[in-house]
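Chemist: give me the fold of what follows.
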Amino acid sequence: MSSTAGSNGRAPAPGAPAADPLAPLAALPGVPEAVDSVRTSVDRAYGHRIMRRRSSEVSAEAALRGARASAAVEGTDWALEEVRRRSDFGTEAEARTVGAALRVTAEAGQLLDIWEQSPLRVLARLHLVAASGAAPDESVGRPRRPGEPVEGPEIGLQPPGADEVAARLDGLAQLVTGSTSVPALVLAAVVHGELQTLCPFGSCNGVVARAAERIVLVGSGLDPKAICPAEVGHAELGRDAYRAALAGYASGTPEGMTAWITHCGRAVELGVRESTAVCEAMQRGAA
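Modeler: Numbers count the residues shown, from 1 in each chain. Have a look, this model is predicted:
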């Protein structure tokens, strides 16, 4: 992860609580405002009258739209109705990408409790669900080994070697299991950015990274009913903006980290807007 999130090189005094490694990111100029803006936006969506009696329908629609959007970020931008009507996702490459996004999004909702205890186990499960049948069996559900290639869309970054991946995954797992108390947006952005730039698996890294972002946003309590699909926002902001923001994360500079976190915040807000439109359509009887 970014050196911005690192320590100052001094060990804590005996008995003193360890410093939160992500606290400097939460305090970067512009990040507190992004956190507040996201919270306000999410709270407004949860206050919609449709959420009182039809929240499960909104959640289901958000999952479908989020999966479609995650596939779009990968380069497979199908119309929503095509995703809705399609039943066979195991044929050509584009169909497999959409199918992987749908399966991972559905699986993510079943793994919230496990995530807080064993995030690496969850990531392995997400990759297994995404890549099964489309990648060699021996490479599915585990981080890549030295010399193994990474398949998937070009994100403009060179993935690190397998040894660095293993070390940084361990560090990420420590963060998730309790060594940080930063706002959900900050942790979700770090989890997403770290997984997407590490490319820990031989394939399907993007859909896994965005599913992990979803898990953090839901499990943190920011979006407990999963009605705010950040994937929709990432797709709407565009693949070029996504890659540029990721490059900022990979740089580790304060400016780059701020750009990535605020990009993720904007993505959540656009996901909120999407689900608010769904609520409005339900209220009019159009859905």
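Chemist: what about stretch 140-148, distance to the chain center?
Modeler: 21 Å (Cα atoms, centre = their mean, to the nearest Å).
Chemist: can you give me the end-to-end distance of that stretch?
Modeler: 12 Å (Cα to Cα, to the nearest Å).
Chemist: let's verify residue 262: helix, strand, or coil?
Modeler: helix (DSSP: H, G, I helix; E, B strand; the rest coil).
Chemist: is it in contact with residue 31, as I believe?
Modeler: Yes. Under the criterion of Cβ atoms under 8 Å, residue 262 makes contact with residue 31 at 7.0 Å. (Glycine included, C-beta is placed from N, CA and C.)
Chemist: and for residue 181, the neighbour number?
Modeler: 10 (other Cβ atoms under 10 Å).
Chemist: wait, it sits on residue 20?
Modeler: Yes. Applying Cβ under 8 Å, one finds residue 181 in contact with residue 20, separated by 6.0 Å.
Chemist: show me whatever sits in contact with both of these two.
Modeler: Here residue 181 and residue 20 share no contacting residue, scored by Cβ atoms under 8 Å, 6 or more residues apart in numbering.
Chemist: mind telling me what element residue 88 is part of?
Modeler: Per DSSP states H and E, residue 88 falls between elements, in no helix or strand.
Chemist: surely it meets residue 96?
Modeler: No. Applying Cβ under 8 Å, one finds residue 88 not in contact with residue 96, separated by 10.3 Å.
Chemist: which residues touch residue 95?
Modeler: 86, 88-89.
Chemist: mind listing residues that contact stretch 37-56?
Modeler: Outside stretch 37-56, the residues that reach it (Cβ under 8 Å, 6+ apart) are 58, 183, 185, 222-223, 225, 227-228, 265, 268-269, 272, 275-276, 279, 282-283.
Chemist: coming back round to it: who's more crowded, residue 88 and residue 96?
Modeler: residue 96 (19 against 8).
Chemist: my read: the more buried one touches residue 89, true?
Modeler: Yes. Assessed by Cβ under 8 Å, residue 96 is found in contact with residue 89 at 6.4 Å.
Chemist: and the gap between residue 22 and residue 42?
Modeler: Distance of residue 22 to residue 42, given as Cβ to Cβ, to the nearest Å: 20 Å.
Chemist: now residue 267
Modeler: As judged by Cβ to Cβ, residue 267 and residue 42 stand 12 Å apart.
Chemist: looking at the two, which is more packed in?
Modeler: residue 267 (32 against 23).
Chemist: what stretches of this protein score poorly on pLDDT?
Modeler: 1-18, 134-137, 286-287 (pLDDT under 70).
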